[in-house]
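**Q** structure for this input, please:
(one chain, ligands or ions: 2)
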Amino acid sequence: MTKQDFAPDPLLAELVRPLIYETTSYERFEQTTTRRFTKTSTPSFPRPRGPLSDTVISALRRSPGSLGETPPIGDIDPLSDDDFGLALYLCYELHYRGAGDVEWEWDPELLRFRAELESAFVNQLREEIGHAIPRFSYEVSTALDELIRGSSGPSLSTYLSESGTLEQLREFCIHRSAYQLKEADPHTFGIPRLTGEAKAAMVEIQYDEYGSGDLTHMHSELFADTMAALDLDPSYGSYVDVLPGVTLATVNLVSMFGLHRRWRAALVGHLAVFEMTSVEPMGRYSRALARFDIGPEGRRFYDVHVDVDALHAVIARDRMVVGLLSAEPELGPDVLFGAAAVLMLEQRFVDYLLDAWTVGHSSLVT
Ligand SMILES: [Fe+2]
Ligand SMILES: [Fe+2]
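**A** Residues are numbered from 1 along each chain as shown. Ligands and ions are numbered 1, 2, ... in the order given. Okay, the predicted model is just below:
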């Protein structure tokens with residue numbers, strides 16, 4: 001993919017410039033567009049980490065319909081195993097921008113294998129968080145508050161804002177790139193699966209996540225700016241090879257919730273937690289970047305979230321969650337399941353990084 005392939009047509013650009021870009025900045029648009037499209041290429045195949053990911057990667061290198069025999073999942077932890085996490089991640093990436101023939105997206109045999117992986121993933125989630133879901137007699141939105149308040153563990157944002165090194169901050173952004181370079185896309189799969197107030201609320205949140213239709217304000221683009229400011233490669237999928245299973249599990253969770261209508265309420269619970277727990281950590285990550293003289297452009301992703309997520313938290317809780325449950329009250333347990341699952345996997349992720357750094361290791365796969 002070359003810069004030329006995606007450069008705006010000069011003649012067309014001259015015609016539309018005064019009509020469309022008067023109030024933004026055509027030059028900024030042009031630079032951003034050229035830069036992003038230059039760096040956005042079709043993800044290549046990562047290295048296999050074991051039999052499960054090898055099966056998927058080998059298949060994706062061939063034509064659809066050729067999956068063949070698949071290995072047993074074995075006695076692993078689906079929430080942290082590298083091989084398992086990568087296999088499921090690659091199955092889900094076919095619905096975003098995955099490598100391989102696009103027809104693999106709906107290949108029946110690969111979907112069957114994915115379902116096997118998902119079943120192991122969900123069983124382990126249930127095992128881990130069954131006890132964590134509050135069984136209160138009051139409203140689900142209040143139970144959600146309790147769940148968030150009750151989640152405990154060390155804070156990565158506090159560590160990075162107070163004593164983390166620049167290299168650790170860069171590692172953190174590499175981990176987060178797996179989600180944040182496609183920020184908002186998994187939740188967007190939920191929009192057609194909701195109705196009424198819940199749908200309207202999710203659309204309002206998502207509209208902001210996509211920069212209100214302005215490429216230069218899209219949160220995924222702002223995160224790419226942060227990566228560039230840290231001298232990291234902001235190309236989509238460029239760090240998959242170094243992401244451990246605990247990181248891949250956080251992305252697999254939201255992809256699974258987004259891609260299954262059956263999990264629409266869990267997706268709502270997941271998004272609600274994201275929005276309701278964002279403001280303070282985002283402020284701390286911005287301060288962590290400032291400690292290393294990263295300027296406003298590189299910190300904008302975090303600063304924007306401090307502003308906008310204060311509002312998103314209210315929309316998510318009081319309109320999206322409440323709206324969903326007034327339409328479909330039987331989905332309350334699923335909302336809490338999604339919320340508990342993201343809180344648990346995020347804490348596992350944080351613990352993994354801090355444990356690695358405490359003993360002086362990198363948290364990335366080497
Ligand atoms: Fe965002
Ligand atoms: Fe948000």
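
**Q** which SS class is E69?
**A** coil (DSSP: H, G, I helix; E, B strand; the rest coil).

**Q** burial measure for it, as a count.
**A** By other CB atoms under 10 Å, 6 other residues sit near E69. From N, CA and C alone the C-beta is placed, and that goes for glycine too.

**Q** who in the stretch 151-300 of the chain is up against ligand 2?
**A** By CB under 5 Å from the ion, the residues of the stretch 151-300 of the chain that approach ligand 2 are E275.

**Q** closest approach to ligand 1 from the stretch 201-350 of the chain, which residue is it?
**A** Going by CB to the ion, ligand 1 is nearest to H219 of the stretch 201-350 of the chain, at 3.6 Å.

**Q** next one: that residue from D82, what distance?
**A** Note on H219: its distance to D82, by CB to CB, to the nearest Å, is 28 Å.

**Q** what's around V365, how many residues?
**A** Count around V365 with other CB under 10 Å applied: 16.

**Q** and what of Y92?
**A** Neighbours of Y92 (other CB under 10 Å): 21.

**Q** just checking, what packs against the helix or strand containing it?
**A** Here Y92, judged by DSSP states H and E, is contained in helix 82-93. Applying 3 or more CB pairs under 8 Å, 6 or more residues apart in numbering; DSSP states H and E, we find helix 82-93 packed against helix 51-61, helix 108-129, helix 245-259.

**Q** not counting sequence-adjacent ones, nearest residue to the residue of the stretch 201-350 of the chain closest to ligand 1?
**A** Once flanking residues are discounted, H219 sits nearest to E183: 4.6 Å by CB to CB, 6 or more residues apart in numbering.

**Q** list the contacts of the one you found.
**A** Going by CB atoms under 8 Å, 6 or more residues apart in numbering, E183 touches 209, 219-220, 223.

**Q** closest one to M202 out of those, please.
**A** Minimum distance to M202 across these is 10.2 Å, recorded for E209 (CB to CB).

**Q** doesn't A184 make contact with the closest one?
**A** Yes - assessed by CB atoms under 8 Å, E209 is found in contact with A184 at 3.5 Å.

**Q** which residues do these two both contact?
**A** Joint contacts of E209 and A184 (CB under 8 Å, 6+ apart) are H219.

**Q** just the mean pLDDT for stretch 79-90, thanks.
**A** Average pLDDT, stretch 79-90: 98.

**Q** next: stretch 193-200.
**A** Mean pLDDT, stretch 193-200: 98.

**Q** tell me who's in contact with the residue of the stretch 201-350 of the chain closest to ligand 1.
**A** 180, 183-184, 209-211, 301, 304-305.

**Q** what's the pLDDT at it?
**A** 98.

**Q** same deal with S152?
**A** According to the model, S152 scores 83 on pLDDT.

**Q** repeat that for the one 3 residues further on.
**A** pLDDT for S155: 94.

**Q** that one and P281 touch, don't they?
**A** Yes - assessed by CB under 8 Å, S155 is found in contact with P281 at 7.2 Å.

**Q** who has more neighbours, these two?
**A** P281 (19 against 16).

**Q** so the residue nearest to the more buried one when sequence neighbours are not counted is in which element?
**A** Take P281 and drop its neighbours on the chain: the residue closest to it by CB to CB, 6+ apart is S157, 3.8 Å away. In the assignment (DSSP H and E), S157 maps to helix 156-162.
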